[in-house]
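Undergrad: what's the 3D shape of this:
(2 chains)
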Amino acid sequence: GESVGLHLPTLSVQEGDNSIINCAYSNSASDYFIWYKQESGKGPQFIIDIRSNMDKRQGQRVTVLLNKTVKHLSLQIAATQPGDSAVYFCAETHSTLTFGKGTMLLVSP
Amino acid sequence: KAGVTQTPRYLIKTRGQQVTLSCSPISGHRSVSWYQQTPGQGLQFLFEYFSETQRNKGNFPGRFSGRQFSNSRSEMNVSTLELGDSALYLCASSTWTGANEQFFGPGTRLTVL
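TA: Have a look, this model is predicted:
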């Protein structure tokens, strides 16, 4: 998702739903991608990563999909829980990390 | 293993002053990167240090500087503070430089009045 300043795109889901957060990246030379979760008052927390030689990687309740053709990254969260509420950032890197603007995920019980 | 620690957690300064922020990486990590986070610009890369050498630098003015010590601890300094320097300053450490997982500290919230 794209965002401007304070107006982060927001995804609102119900507890138990599956969530999909999207990200477009800009550098075709980027070869490593990370999703981070940031809760209020905390630093970003690593969720899952993927290298450019893969198109899918699964973790615990999370899956990252990479489409290099259209420079698109997505994070899927299964059975979303209230504790998943946070801002989610994608980051791309070739040598330094470049972060997207973030998407706010709100999970209602 | 202890995580990345940053001190101080909160800081209030006035315009024109300078400030030094400190970061202690995870034990064994040799790379430390600094980021500035603001509502308007999001997370922006400041610089990276590896083995006491600056490896990469973001697009920030020369008022922003840093250094790394032999124990991998890092400091960043901002001189002649401006109101626009108010931000959350995040430090991240990793085992190696380049494309690998970075672990973030809680950040230092700097307010410039």
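Undergrad: B:Arg67 contacts B:Trp34, correct?
TA: No. Contact criterion C-beta atoms under 8 Å: B:Arg67 and B:Trp34 do not qualify, at 10.9 Å. Backbone N, C-alpha and C define where each C-beta goes, glycine included.
Undergrad: Residues in contact with both of the two, list them for me.
TA: B:Ser74 (C-beta atoms under 8 Å, 6 or more residues apart in numbering or on different chains).
Undergrad: Just the endpoints, please. Distance across stretch B:97-108?
TA: From its first residue to its last, stretch B:97-108 covers 23 Å (C-alpha to C-alpha, to the nearest Å).
Undergrad: Dihedrals phi and psi, B:Arg9?
TA: phi -80, psi -30 (degrees, to the nearest 10).
Undergrad: Can you name the residues that contact residue 108?
TA: No chain was given, so I picked chain A. Neighbours of A:Ser108 in contact, by C-beta under 8 Å, 6+ apart: A:Ser12, A:Val13, A:Gln14, A:Glu15, A:Pro82.
Undergrad: Please refer instead to chain B.
TA: Contacts of B:Thr108 by C-beta under 8 Å, 6+ apart are B:Gln6, B:Thr7, B:Pro8, B:Arg9, B:Tyr10, B:Leu11, B:Leu21, B:Leu88, B:Tyr89.
Undergrad: next structured bit after the helix or strand of chain A with the lowest mean pLDDT?
TA: The weakest-scoring helix or strand in chain A, judged by mean pLDDT, DSSP states H and E, is strand A:97-99 (a mean of 89). As assigned by DSSP states H and E, the chain's next helix or strand after strand A:97-99 is strand A:103-108.
Undergrad: In that next one, which residues are buried?
TA: A:Thr103, A:Met104, A:Leu105, A:Val107 (16 or more other C-beta atoms under 10 Å in any protein chain shown).
Undergrad: Stretch A:67-82 too?
TA: Neighbour count says stretch A:67-82 has A:Lys68, A:Leu73, A:Leu75, A:Gln76, A:Ile77, A:Thr80 buried, by 16+ other C-beta under 10 Å.
Undergrad: And B:Gly62, its phi and psi?
TA: Given degrees, to the nearest 10, the pair of backbone angles that B:Gly62 has is phi -60, psi -10.
Undergrad: Run a quick neighbour tally on it.
TA: 6 (other C-beta atoms under 10 Å in any protein chain shown).
Undergrad: How much space separates it from B:Thr80?
TA: Distance, B:Gly62 to B:Thr80, by C-beta to C-beta, to the nearest Å: 10 Å.
Undergrad: Now B:Ser24: closest residue in space that isn't a chain neighbour?
TA: Nearest residue to B:Ser24, sequence neighbours excluded (C-beta to C-beta, 6 or more residues apart in numbering or on different chains): B:Thr5, at 4.6 Å.
Undergrad: for the residue nearest the centre of chain B, what are its contacts?
TA: Per C-alpha atoms, centre = their mean, the C-alpha nearest to the average position across chain B is that of B:Trp34, at 3.2 Å. Counting by C-beta under 8 Å, 6+ apart, B:Trp34 touches B:Cys23, B:Phe45, B:Leu46, B:Phe47, B:Glu48, B:Gly66, B:Ser74, B:Met76, B:Tyr89, B:Leu90, B:Cys91, B:Ala92.
Undergrad: nearest residue to the last one other than its sequence neighbours?
TA: Across the structure, with C-beta to C-beta, 6+ apart as the measure, the residue nearest B:Ala92 apart from its sequence neighbours is B:Gln102 (3.9 Å).
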